[in-house]
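Enquirer: Compute the structure for the input listed below.
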Amino acid sequence: MTDLNIVVAGDCEKHDFILVAAILLKSYFNNDVMIISDNSRHYQYFEGEVSGIRIADSSAADKPDIVLYDWHYGYPEDLEEEVVVFATTYERQAMENVDKLLDQKQMPALLLVIEEECGLGLKYVDKYYPVIHSKISYISSPERRIDWIQDGRVDLKVDKDFAEAVNDFLIEICNVPKKDIKKLWQYARKRG
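Expert: Predicted coordinates for the structure are as follows:
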């Protein structure tokens, strides 16, 4: 396997998505996986590791083959051949951050939309970002995000829409074959 650097950039809370994707990638590729974030606010409670996934800040020198970047402010420096994903909620500052990223960086491979209950919806996002063709979404779960931080561990029993978004991400961005997804979840849950 070649190196896989995936940058998920966006001014929104997406640590639950990043954590599950990292755990499934570790299970699938049987490689070390690291999460690097420019905002340690949520990751600090895991004390540098969760379910075999190393968590570091941007100064980490010894990086494994697979690194997921959970980026909030701008874009990480000095990366080569990274896969770019932008993430947003319907909040104004999150969407404005994606606007800035679109001005600074190449087109993302995907837009991750974290949906909240409000008057806006995916049709609004489609009209607002017509240049981004591939989008996946899931409904935000404050309970999931907060519970995992409080527990210091990740529970892979998740809502169906969240699991489907992670599956689409693994298939489209990480080249995990669709036929392997169901077994991957079963295997990762057993390893717990």
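Enquirer: how about low-confidence regions in the protein?
Expert: Within the chain, the stretches with pLDDT under 70 are 1-2, 192.
Enquirer: mind listing the strands for it?
Expert: Secondary structure of the chain by DSSP state E: the strands cover 4-9, 33-37, 49-50, 53-56, 66-71, 83-88, 110-115, 135-139.
Enquirer: would you turn these into TSV with distance to residue 127?
Expert: C-beta coordinates here come from the backbone N, C-alpha and C atoms, glycine included. Below are the strands of the chain laid out as TSV (distance: least, Cβ to Cβ, whole Å):
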stretch	distance to residue 127
strand 4-9	22
strand 33-37	31
strand 49-50	38
strand 53-56	36
strand 66-71	25
strand 83-88	14
strand 110-115	13
strand 135-139	12
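Enquirer: so can I have a markdown table of those showing mean neighbour count and distance to residue 103?
Expert: Below are those laid out as a markdown table (neighbours: other Cβ atoms under 10 Å; distance: least, Cβ to Cβ, whole Å):
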| stretch | mean neighbour count | distance to residue 103 |
| --- | --- | --- |
| strand 4-9 | 23 | 13 |
| strand 33-37 | 22 | 23 |
| strand 49-50 | 16 | 34 |
| strand 53-56 | 21 | 28 |
| strand 66-71 | 24 | 16 |
| strand 83-88 | 24 | 12 |
| strand 110-115 | 23 | 15 |
| strand 135-139 | 18 | 19 |
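Enquirer: So which of the ones you listed is nearest residue 184?
Expert: strand 33-37 (13.6 Å; Cβ to Cβ).
Enquirer: what pairs with that closest one, and is each one parallel or antiparallel?
Expert: Partner strands and pairing direction for strand 33-37 (DSSP bridges) are strand 53-56 (parallel), strand 66-71 (parallel).
Enquirer: Report the backbone C-alpha coordinates of that strand in CSV.
Expert: Taking C-alpha atoms only, strand 33-37 is exported to CSV below (Å, rounded to 0.1, in the frame of the first residue of the first chain):
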residue,chain,number,x,y,z
VAL,A,33,-3.1,5.0,11.3
MET,A,34,-2.6,8.5,12.8
ILE,A,35,-5.0,11.4,13.3
ILE,A,36,-3.3,14.8,13.2
SER,A,37,-5.4,17.9,14.1
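Enquirer: any idea how far that strand is from the chain center?
Expert: Relative to its chain's centre, strand 33-37 lies at 10 Å (Cα atoms, centre = their mean, to the nearest Å).
Enquirer: now do stretch 101-113
Expert: Worked out by Cα atoms, centre = their mean, stretch 101-113 lies 14 Å from the chain centre.
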